[in-house]
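Novice: Okay, predicted coordinates and the sequence, questions at the end:
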Amino acid sequence: MSAVPSQLAAGSLLGRYRIVSPIMEGGMAALYLACPEPAGPALPELVAVKTMREHLARDAGFVTMFEDEGHLIARLARDAHPNLLRFFELGRSQGGAPFLAIEYVDGVSLVQLMQFLSRSQRALSPAVAVHIALGVARALHVAHELRGDQAEPLEVIHRDVSPQNVLLSTGGDVKLIDFGVAKSRGRQWQTAQGSLKGKLGYMSPEQARAEAIDRRSDVYALGVVLWEILVGHRLFAGAPEFLLERVQHPHIASPRSLVPGLSPALEEAVLRALAPAREDRFASAAAFEAALAAASPESAGARSAMPRVLGRLVCAALAREVEDDVEEQRRSSRATRRELVAPRLADLDVEGALSQHTRVLPPQPAAPANAPSARPRSPAAAPAVRPWMLVLAALLAVPAAGAGAWWTLSRLSPPPAPAASASALPPASLPAPAAPAAPVELAPVDLAPAEPASEAPLPTEGTPEAAEAEAAADPSGAPGIEAPEAPAEASRRRRERPAPGVIDPWGPANGPSAPSPAAAGGARHPAAAPPPVTGAVPDRRASPPPGSPPPPVSLPPGARPPTAGPVVPGTHPASPAPARRPPGAIPPPPPVSAAPLNGR
């Protein structure tokens with residue numbers, strides 16, 4: 001199936017209808033003014049042709065909905081009710097796309113008339129407002145009572161009663177249109193459970209809650225329309241996310257508090273139609289119509305003149321719309337429509353019609369900032385805050401607040417202190433440096449060989465000489481000769497040595513012995529000659545007098561002299577006391593004591 005183009009050119013042919021000009025375009029359909037060819041006695045000179053939008057004509061579901069609307073309009077038009085459109089044809093274009101040929105209403109919609117009046121700060125008089133509501137109530141009652149071919153009730157519910165779907169002609173007629181979302185038993189396409197159909201600001205509370213609805217839902221929607229044309233501004237307005245809660249749980253303001261001189265009976269009828277609970281409303285549109293007719297302040301003669309009064313107001317709105325239209329394409333369409341009503345527009349007194357059949361809106365008091373029910377005075381009032389505006393403002397506020405906090409903290413907090421170094425610390429924070437140790441002078445090492453001992457024959461085994469030789473070879477087993485001591489023990493024993501010439505009672509029986517090469521610094525005094533070893537072995541732990549050079553060390557034949565080693569502080573009387581180690585310093589390695597050398 002090929003779709004109808006989104007914009008039909010003037011002169012193009014759609015079925016047997018020649019397109020004259022576009023009337024209006026919506027989200028789902030477009031409406032054109034057309035002439036039937038050939039003209040017949042059953043067809044008027046001009047008709048309105050409704051076509052689907054090109055992107056929807058390829059969807060089988062939308063095509064089914066469009067055809068359901070055509071069948072319902074055809075069934076409603078059987079009785080030719082004056083408040084419903086006449087039906088001519090449900091056909092298909094040359095490409096197979098469906099279209100509807102219906103009655104053309106020369107005039108404006110109710111929302112266009114309200115916008116025209118709001119520019120002059122005016123609203124319809126109660127008599128004209130009731131005349132419009134009576135026509136819509138009659139059309140709703142016909143739709144609610146519609147029956148099928150077998151006389152079964154079809155239970156039609158319009159679900160979209162709003163000012164956009166009420167047409168007003170230049171002759172004062174009121175037409176209810178657009179049954180595209182209507183609910184009925186004969187429809188092939190059924191609305192999914194839980195989905196919403198219609199305009200949110202005109203839904204009943206149960207319809208907004210996606211509950212089961214009946215004809216009393218349409219009565220509530222008509223009550224909203226009547227409240228708005230009486231007061232002169234919207235009953236429910238605002239962003240959709242806030243509007244849904246207000247529609248589901250409505251709080252209706254009294255019309256008499258906003259419209260001076262409104263009769264109590266008319267207010268009672270309006271508020272009963274707007275009851276939140278469906279059980280408290282009128283049971284049918286016919287009951288609502290009867291209550292409005294009884295509450296109308298006009299007499300029967302004045303009520304019969306209302307179509308002419310409404311026609312004058314529609315012509316005034318249509319004339320102003322033609323003057324304000326600046327788009328050339330739409331101007332051509334409005335110019336064509338103006339030619340149709342030119343005889344009536346020529347002698348029309350717009351200001352006289354407005355002054356006689358409208359009232360001036362009183363200035364709206366400034367609503368408090370925290371009032372949740374504050375509403376604009378007219379549909380074209382201050383725009384509502386959109387959700388994307390709030391999200392964008394939050395995204396921009398977070399980085400701005402972070403940058404401001406960082407700048408404030410950087411200005412108030414002191415600059416960070418540099419890392420502390422050892423040189424920058426105060427003197428009291430470090431321990432006093434230790435005095436440098438006095439330099440220790442090392443005596444030169446005399447590498448001259450010791451005096452050779454007299455050669456003697458080897459002792460015979462078992463003799464005292466052999467015992468002495470064996471003790472010299474094995475000092476650890478010889479009597480009176482000790483094994484090498486640990487460095488700490490050797491240092492302690494040296495400090496406990498007796499005075500010179502005194503025999504240590506705890507020492508070996510052989511007497512004082514020569515100091516170890518480590519204790520003597522591993523060097524011989526140059527002025528001292530090594531005394532010969534005679535008699536008993538001297539006590540090695542006996543210390544020489546203070547200031548005297550260390551005794552020489554006798555080496556056995558063939559033994560090598562010891563090498564020079566480090567002088568351990570505190571082990572020699574002439575060496576200075578060890579320096580006091582500051583806290584945290586690494587202690588020096590312990591001194592190493594060499595084993596004493598024994599010689600004969």
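Specialist: Arrived safely, thanks for sending. Numbering: from 1, shown residues only.

Novice: just for the stretch 351-500 of the chain, where's the confidence low?
Specialist: Across the stretch 351-500 of the chain, the ranges flagged by pLDDT under 70 are 363-388, 412-500.

Novice: got any ranges where this protein has weak pLDDT?
Specialist: Counting by pLDDT under 70, the chain has low-confidence residues at 1-6, 186-196, 297, 299-301, 321-350, 363-388, 412-600.

Novice: Strands along that one, start to end?
Specialist: For the chain, applying DSSP state E gives strands covering 13-14, 17-25, 29-36, 47-52, 87-92, 98-103, 107-109, 122-124, 166-169, 174-176, 358-360.

Novice: quick one: Leu396 from Ala405, how far?
Specialist: Using CB to CB, to the nearest Å, Leu396 is found at 15 Å from Ala405. Quick note: C-beta positions are derived from backbone N, CA and C, even for glycine.

Novice: what do you get for Arg246?
Specialist: Separation of Arg246 from Ala405 (CB to CB): 38 Å.

Novice: Over to Ser284?
Specialist: Distance of Ser284 to Ala405, computed by CB to CB: 64 Å.

Novice: Could you do Ser254 as well?
Specialist: Distance of Ser254 to Ala405, given as CB to CB: 50 Å.

Novice: My guess is Leu85 contacts Ala74. True?
Specialist: No. The criterion here is CB atoms under 8 Å, and Leu85 misses it with Ala74 at 10.5 Å.

Novice: who has more neighbours, these two?
Specialist: Applying other CB atoms under 10 Å to Leu85 and Ala74 shows that Leu85 carries more neighbours, namely 22 against 16.

Novice: Just give the nearest non-adjacent residue to the more buried one, would you?
Specialist: Glu103 (4.6 Å; CB to CB, 6 or more residues apart in numbering).

Novice: With Asp280 instead?
Specialist: Arg272 is the one closest to Asp280 (CB to CB, 6+ apart), at 7.0 Å.

Novice: ok, that neighbour to Val49 distance?
Specialist: 40 Å.

Novice: In terms of neighbours, single out the busier of these two.
Specialist: Between Arg272 and Val49, counted using other CB under 10 Å, Val49 has the larger neighbour count: 28 against 16.

Novice: so what's that one up against?
Specialist: The contact partners of Val49, by CB atoms under 8 Å, 6 or more residues apart in numbering, come to Leu14, Tyr17, Ile19, Leu31, Tyr32, Leu33, Ala34, Phe99, Leu100, Ala101.

Novice: closest to His158 among those residues?
Specialist: Lowest distance from His158 to these (CB to CB) belongs to Leu100, with 17.1 Å.

Novice: That closest one: how many residues sit nearby?
Specialist: 24.

Novice: Ala277 too?
Specialist: If you count neighbours by other CB under 10 Å, Ala277 ends up with 9.

Novice: Backbone dihedrals for it, please?
Specialist: Phi and psi for Ala277, reported as degrees, to the nearest 10, are phi -90, psi 130.

Novice: From Leu167, how far out is it?
Specialist: Going from Ala277 to Leu167 by CB to CB gives 32 Å.

Novice: Which residue, other than its chain neighbours, is closest to Pro250?
Specialist: Pro276 (5.6 Å).

Novice: So the one you found sits against Arg246, correct?
Specialist: No. Proximity of Pro276 to Arg246 does not meet the contact threshold set by CB under 8 Å, at 11.5 Å.

Novice: Those two: who's more crowded?
Specialist: Arg246 (18 against 15).

Novice: which residues sit in contact with that one?
Specialist: Going by CB under 8 Å, 6+ apart, Arg246 touches Phe236, Gly238.

Novice: ok, now Leu262?
Specialist: Applying CB under 8 Å, 6+ apart, one finds that Leu262 lies in contact with Pro126, Leu230, Pro255, Arg256.

Novice: how about those in JSON lines, adding neighbour count and distance to Met65?
Specialist: Shown next, in JSON lines, are these (neighbours: other CB atoms under 10 Å; distance: CB to CB, whole Å):
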{"residue": "Pro126", "neighbour count": "22", "distance to Met65": "38"}
{"residue": "Leu230", "neighbour count": "23", "distance to Met65": "34"}
{"residue": "Pro255", "neighbour count": "19", "distance to Met65": "36"}
{"residue": "Arg256", "neighbour count": "17", "distance to Met65": "42"}
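
Novice: Would you reformat those residues as a markdown table and include distance to Ile132?
Specialist: As requested, the contacts of Leu262 are exported to a markdown table (distance: CB to CB, whole Å):
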| residue | distance to Ile132 |
| --- | --- |
| Pro126 | 11 |
| Leu230 | 10 |
| Pro255 | 15 |
| Arg256 | 20 |
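
Novice: Show me those residues that map onto helices.
Specialist: Counted as lying in helices by DSSP state H, out of the contacts of Leu262, are Pro126, Leu230.

Novice: For beta bridges, what are the partners of the spatially closest residue to Phe99 that is not a sequence neighbour?
Specialist: Nearest residue to Phe99, sequence neighbours excluded (CB to CB, 6+ apart): Thr51, at 4.8 Å. Judged by DSSP bridges, the bridge partners of Thr51 are Ala30, Phe99.

Novice: tally of neighbours for Thr51?
Specialist: 24.

Novice: now it: how far from Ile23?
Specialist: The gap separating Thr51 from Ile23 is 11 Å, by CB to CB.

Novice: you'd agree Cys35 is up against Leu46?
Specialist: Yes. Using CB under 8 Å, Cys35 makes contact with Leu46 at a distance of 6.3 Å.

Novice: Overlap in contacts, the two.
Specialist: Both Cys35 and Leu46 are contacted by Val20, under the criterion CB under 8 Å, 6+ apart.

Novice: pretty sure Val270 is touching Leu230, no?
Specialist: Yes. Counting by CB under 8 Å, Val270 touches Leu230, with 7.2 Å between them.

Novice: and stretch 281-296, C-alpha only, in CSV?
Specialist: What follows is stretch 281-296, C-alpha atoms only, in CSV (Å, rounded to 0.1, in the frame of the first residue of the first chain):
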residue,chain,number,x,y,z
ARG,A,281,-22.0,12.7,38.7
PHE,A,282,-24.9,12.8,36.3
ALA,A,283,-25.7,9.3,35.1
SER,A,284,-25.8,10.4,31.4
ALA,A,285,-25.1,13.3,29.1
ALA,A,286,-28.9,13.7,28.7
ALA,A,287,-29.3,14.3,32.5
PHE,A,288,-26.5,16.9,32.3
GLU,A,289,-28.2,18.6,29.4
ALA,A,290,-31.4,18.8,31.3
ALA,A,291,-29.7,20.4,34.3
LEU,A,292,-27.9,23.0,32.1
ALA,A,293,-31.2,23.9,30.4
ALA,A,294,-32.9,24.4,33.7
ALA,A,295,-30.0,26.5,35.1
SER,A,296,-29.7,28.7,32.0
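
Novice: neighbouring contacts of it?
Specialist: 127, 130, 133-134, 137-138, 140-141, 144, 215-216, 218-220, 222-223, 226, 263, 265-266, 268-269, 272-275, 303.

Novice: State the distance from Gly135 to Val174.
Specialist: Per CB to CB, Gly135 is found 3 Å from Val174.

Novice: shared neighbours, these two?
Specialist: With CB under 8 Å, 6+ apart as the test, Gly135 and Val174 both reach Asn83.

Novice: What's the end-to-end length of stretch 236-245?
Specialist: 10 Å (CA to CA, to the nearest Å).
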